[in-house]
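K.L.:
following is a predicted model, sequence given first.
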Amino acid sequence: MAERKDQGQGGGKQTIDSRCGAINGLMVEVIEGHIRFHFVDPDHRPTSEQARATQELIDLLNSYMK
């Protein structure tokens with residue numbers, strides 16, 4: 001009987017972990033869109049330095065949120 005109880009609790013943790021992963025993925029997408037739209041003027045082509053800095057910030061965000 002104790003084994004069944006442990007199995008049920010493990011499934012709950014796995015569900016929570018997967019939902020946290022999904023939320024983090026969504027947050028990354030929203031923040032990346034914010035960076036691309038507000039940090040770099042969408043009406044003007046960014047310089048290579050701006051594009052590189054933007055990509056570095058997004059890469060940092062992705063590595064932090066993993």
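P.N.:
Happy to help now that I have it. Residues are numbered from 1 along each chain as shown.
K.L.:
which helix is the longest one in this protein?
P.N.:
Ranked by residue count, the top helix of the chain under DSSP state H comes out as helix 2-34.
K.L.:
in that one, what counts as buried?
P.N.:
V28 (16 or more other CB atoms under 10 Å). Yep, even glycine has a C-beta here, placed from its N, CA and C like the rest.
K.L.:
any stretches of this protein with poor pLDDT?
P.N.:
Applying pLDDT under 70 to the chain flags the ranges 1-10.
K.L.:
90 instead, please
P.N.:
Low-confidence segments of the chain (pLDDT under 90): 1-13, 17, 38-46, 64-66.
K.L.:
contacting residues for the spatially most central residue of it?
P.N.:
Taking CA atoms, centre = their mean, the centroid of the chain lies closest to V28, which sits 2.9 Å from it. Listed by CB atoms under 8 Å, 6 or more residues apart in numbering, the contact partners of V28 are 61-62, 65.
K.L.:
just the buried residues of stretch 56-66, please?
P.N.:
Buried residues in stretch 56-66 (16+ other CB under 10 Å): I58.
K.L.:
what sits up against that stretch?
P.N.:
With contacts defined as CB under 8 Å, 6+ apart, stretch 56-66 is touched by 24-25, 27-28, 31-32, 35-36, 39.
K.L.:
circling back to that earlier point, let me know the next secondary structure element after the longest helix of the chain.
P.N.:
helix 48-65 (DSSP states H and E).
K.L.:
now do that next one: distance to the chain's middle.
P.N.:
Mean C-alpha position of helix 48-65 versus that of the full chain (CA atoms, centre = their mean, to the nearest Å) differs by 13 Å.
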